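# I would like the atomic coordinates for the input below:
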Amino acid sequence: MAKPVPVLPDDGGPGPSTLADAWVAAIEARSFVSAARADLHAVLSGAAWWFTAVVEGRAEEVMAEEVGAELVAAHLTDPAALRCSIDVLSEHFAEHTLDPERFRRWSRAVGALSTGYARMLRDRTRLEQERISSAAFAARAAAEDARWRSEARYGVVFESSVIGISVADTEGRILEANRTLTQMLGHRPGGLVGRSVFEFIHPEDTPDMWPQIEAMLAGRIGHVRMEKAYFRVDGDQVWTELTVSLVRSPDGEPRYLVAMVSDVTERRRLQSRLRHQAEHDPLTGLPNRSLFFTRLETALAGPYGSPAPVGVCYLDLDGFKAVNDTLGHDAGDQLLRTVAHRLDAELRPAGHTVARMGGDEFVVLVEQCTGVEQLAEVADRALAVVRRPVHVRGREVVVSASIGIVARPFRDAAGTATGEDVAGAAGAAELMQAADTTMYWAKRDGRDRIAVFDPARHANDVHLFELAGRMPGALERGEFHLEYQPLVALDDGDVVGVEALARWRTADGERLGPDVFIPLAEQTGLIVPLGLHLLEQACTDARSWVDSGADAGLVLSVNVAGQQLRRPDAVLRIADVLERTGWPASSLQLELTESDLMSAAGRPVQALEELSRLGVRIAIDDFGTGYSNLVYLHRLPVDVLKLAGSFVTGRGGACPGEEGPDDPGPGDVDSPVILSAMIELAHTLGLTVVAESVETGWQARRLHDLGCDIGQGWHLGSPRPAAELAALLAGAR
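Predicted structure coming up:
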C-alpha cells in the first residue's frame, strides 16, 4: 500500500477525492473484485499522487509503480482492471494532457503504473505457480506414500490372513494365492498360481455351483457364497466356506475374481457327528426312529414323486424283559447291541435299512419291495439271526422274536394292484401302525413267528378299539342287557335254572355277544361295574319270575370275571346286590372260567370261600378247555362242573341206527370215554355236572346215559329275553 499523502484542497475541478470515487465506482461496476467499498477506496486513495505527479510534477515514478503493485495486491488481477484504471485516469486528466510537459509526466506515470502492475502480477503468478508446484509435489508424495502404505498393508493382510485368498482373471486363471490358501490345499508356495479354478471340481459340488461361477466371470452376477469341498494334494478332503466376488474396472467391465476361503472342516465334522447322534441310536449305532421315518417317507415318495413299493418288517424280541430282570440291564444292553449288529450285518448288504425303534423293537425297511414273499424271506433271515445264542456275562442266552410284515400297495407287471397281501395305508405313520399291529398279532399267536398284515383283521382290531372307548357311555345309557338260557335236568326235562347271557345292543343297532365285549371290558377295567350291573339286573329279573309263579328253587347262574373277585370289597358288593334285589344266595350260582379259577390265588380264593359260606354256588365254566388241575376241584369250594361244548359237539359223523324224526343228521358226542371219566370224577367229588352246547336229542340222551346231570343248549332251550322266559317258567310251573 502506498504511503499516505496529504489530500490537496479541491478547487472545484477533478480533485483526488473525486478521482478515487470515480475509480472505485468503475472497478465495482465491472466486478473485478469482491472487496468491500471502504476497503477498495482505501487501496485507491493513492490517486492523490497522480495530482502531485501530473499537475505539480513533484512525485517520482516509483510511487506510480507502487500504486500499480497495490492494485494487484488488492486482487485486481484481471488485466481489464488495469485498462479500466487507465481509462479513469485518462478521463480525469484529459485537460492536463494538453500541456506537453504534463502529458509527458502523465504518460510516464501511466507507464510506471503499468510496470508496477505487471511486475507485481508476474511476481504473484510466479509465487502462485511455486505454491501450486509445491502443493502438487506434496500431493504426489502423499499419494505415493499412501499407495505404498496401502500396498504394504494389502501385502501384509494378503499374506498374513488366516483366511485363504486368491485373485483370478476373467478366464478363471489364478493370478495370486496367499500362503493360507496354499497350505490349506497342501500345495507348495506359488503352486496355485497359473492354474484354472475349474480344476478344483469336487464330486460333492452342488449342480448349480459352477454355472454360477461362469455367470460371475461373464459379469451377470456380482458374488457367490457356498460351502465347497476340495481335495488336498495328499488326497484328504477339506471343507470350506467359499465367497467369490467380482471386481469391475471403472468402466464396469469384469476384471478379477476375488475368492475368500475359510476352512470349516472341523465345524463340518462336528455337524456330522451331531447329525449322526441325532439320527442314530446311542446304544446300538443303528438308525433311530427319526432317521428311519425320513428314509421311509423318501422311499414311499419314490423317484420323481411317484409312489413306490415299500415293505416293512417290525420285529420285537420275545422274553427280553426276563433277561433284564434276571441278569440286569447291562446284560440286556449287551444283548441288544449284539442282536442289532447281527441284524445289520445280515440285512444291510442287501440294501435294507435296519433301525432301532426303542426298547427291544427293531424295524427293517425293504425298498422296491416285490411282495410279501420277499418280506417273508427277509423276516426269516432276521428270525434266524435272533435265534443264534448270545454270550452274556459268561452265560449263553437264547431269545426269539415276533415279526409283523406289511407291504405297501404296489402293482405287478400287468399294472394291476395286488390285494390280499398289501396294506391299504398310504403314509409312513399308517404303514408303521399297521406293522406294529401285525407284530402284536405274531406275539398273540404264539411268538417266535411271522405274521402278515391282514386288512380285515386290522379293521376288526380298530373296531374293537373303538368299541372299548364306547363301552363306558354304553353302560350309562343302558345298552347292555341280558338274555336267559334254560338249564334242563336230563333225567326228566325240568327247567332247574337259567344262565344269564350278556348282550350289547349299540346305539347304531349292532348286536354284540359276550365273546366280543367281555374281553374288552376286562382289558379296560370296566368288567367290575359291568358285572355288578348285570348281576343286579339278573337277580331283579329272577325275583320277578318267582313272584310271578316260577319255582322258588330256580337256580340263577351268572358269569363272573376273576378281576371282580380280586377287589377287596367283592363279597360285600355281591351281598349288597342280593340284599337289594331280595334274591337268595342259595339260588345264585356264579360261573368262573377254568382259566380264571386256575389263576385264582390270594384274595380271589378268599372271596370264593366267603361266597360259599354265604350259600352261593360256585361253578367252573368251560371245563376241559385248558390245563385242568384236578387238585383245585378238591381244594376250592366248587359245586358245579360245566363241561366245555367241544366235548359235546360231534365230529360230524351220524350214529348208525340212531337217526330219528327229532334227530336229522346228529353228531356223536366227542371223546365219550374221557367225558364219562370226567363225569364220574366230578360225582365222586360231589359236584353237579352240566353239559353245554346240547344241540340234538341224541346228544341229550347220550349225555344222560353217561351220567350227566343237567344240559344246556339250543335243543333244550334257546336264549330269550326276560319277558319270554317268564312265560316259559310260569307254564312249566
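
# L291 against Q277, yeah?
No - using Cβ atoms under 8 Å, L291 is not in contact with Q277; the gap is 11.0 Å. Quick note: C-beta positions are derived from backbone N, CA and C, even for glycine.

# now the end-to-end length of stretch 437-457.
10 Å (Cα to Cα, to the nearest Å).

# how about V488: what's its closest non-neighbour residue?
Leaving aside its chain neighbours, V488 sits nearest to L716 (4.3 Å; criterion: Cβ to Cβ, 6 or more residues apart in numbering).

# which stretch of helix or strand covers the one you found?
Under the criterion DSSP states H and E, no helix or strand holds L716.

# re the thing from before, which one's more surrounded, L291 and Q277?
Higher neighbour count among L291 and Q277: L291, with 18 against 11, using other Cβ atoms under 10 Å.

# in the helix or strand that one falls within, which residues are buried?
Element membership for L291 (DSSP H and E) is helix 289-301. By neighbour count on 16 or more other Cβ atoms under 10 Å, the buried set for helix 289-301 is R289, L291, F292, F293, R295, L296, A299, L300.

# closest to R131 among these?
L291 (79.3 Å; Cβ to Cβ).

# for that closest one, what are its contacts?
Shown in contact with L291 (Cβ atoms under 8 Å, 6 or more residues apart in numbering): E279, H280, A355.

# quick check: the gap between it and L641.
58 Å (Cβ to Cβ, to the nearest Å).

# also Q606?
Separation of Q606 from L641 (Cβ to Cβ): 22 Å.

# next: A575.
Going from A575 to L641 by Cβ to Cβ gives 25 Å.

# who's more crowded, the two?
Counted by other Cβ under 10 Å, A575 and L641 do not tie: L641 has more neighbours, with 26 against 16.

# check for me that the more buried one belongs to a strand.
Yes - under DSSP: H, G, I helix; E, B strand; the rest coil, L641 sits within a strand.

# so it makes contact with T688?
Yes - the criterion here is Cβ under 8 Å, and L641 meets it with T688 at 7.2 Å.

# give the residues shared as contacts by the two.
Common contacts of L641 and T688 (Cβ under 8 Å, 6+ apart): A682.

# which residue ranges form the strands in the stretch 601-733 of the chain?
Along the stretch 601-733 of the chain, counting by DSSP state E, counting those that start in this stretch, strands occupy 617-623, 640-643, 688-691, 710-711.

# who touches stretch 195-213?
168, 171-174, 221, 224, 226, 228-231, 244, 257, 259.

# quick one: which of those is nearest to M678?
Among the contacts of stretch 195-213, and counting by Cβ to Cβ, the member closest to M678 is A229, at 80.6 Å.

# tally of neighbours for the closest one?
16.

# ditto for H683
Look at H683: counted by other Cβ under 10 Å, it has 15 neighbours.

# hang on, it packs against L706?
No - with contact defined as Cβ under 8 Å, H683 does not reach L706; the gap is 10.9 Å.

# how far is the helix or strand that contains E430 from where the chain is centred?
With secondary structure defined by DSSP H and E, E430 is part of helix 428-444. Mean C-alpha position of helix 428-444 versus that of the full chain (Cα atoms, centre = their mean, to the nearest Å) differs by 22 Å.

# quick one, it and helix 289-301 angle?
For helix 428-444 against helix 289-301, the angle between stretch directions is 110 degrees (axes from the mean of the first three to the mean of the last three Cα atoms, to 10 degrees).

# show residues contacting helix 428-444.
293, 296-297, 300, 310, 312-316, 318, 361, 363, 402-406, 408, 423, 425, 449-454, 457-458, 461.

# now those: which count as buried?
Applying 16+ other Cβ under 10 Å to the contacts of helix 428-444, the neighbour count classes 293, 296, 300, 310, 312-316, 318, 361, 363, 402-406, 408, 423, 425, 449-454, 458 as buried.

# where does the stretch 551-700 of the chain have low pLDDT?
598-603, 625-632, 650-670 (pLDDT under 70).

# that one: helices as residue ranges?
For the stretch 551-700 of the chain, the helices defined by DSSP state H, counting those that start in this stretch occupy 562-566, 570-581, 594-598, 603-614, 630-635, 672-684, 697-705.

# likewise for the stretch 201-350 of the chain?
In the stretch 201-350 of the chain, helices defined by DSSP H, counting those that start in this stretch lie at 209-217, 265-279, 289-301, 320-327, 329-347, listed in chain order.

# do you know which of those helices lies nearest L530?
Among the helices of the stretch 201-350 of the chain, helix 320-327 comes nearest to L530, with 30.9 Å by Cβ to Cβ.

# what comes up buried for that closest one?
Buried-residue list, helix 320-327, by 16+ other Cβ under 10 Å: F320, V323, N324, L327.

# any idea which of those residues is closest to G351?
Distances from G351 to the buried residues of helix 320-327, taken by Cβ to Cβ, are shortest for F320, at 27.7 Å.

# you'd agree the residue nearest to V488 is up against A700?
Yes - with contact defined as Cβ under 8 Å, L716 counts as touching A700 (6.8 Å).

# any shared contact partners between these two?
Contact criterion Cβ under 8 Å, 6+ apart; residues shared by L716 and A700: V694.

# the longest helix in the chain is where?
helix 100-160 (DSSP state H).

# just to revisit the earlier point, most surrounded residue in the contacts of stretch 195-213?
Using other Cβ under 10 Å as the neighbour test, the contacts of stretch 195-213 are led by L257, with 25 neighbours.
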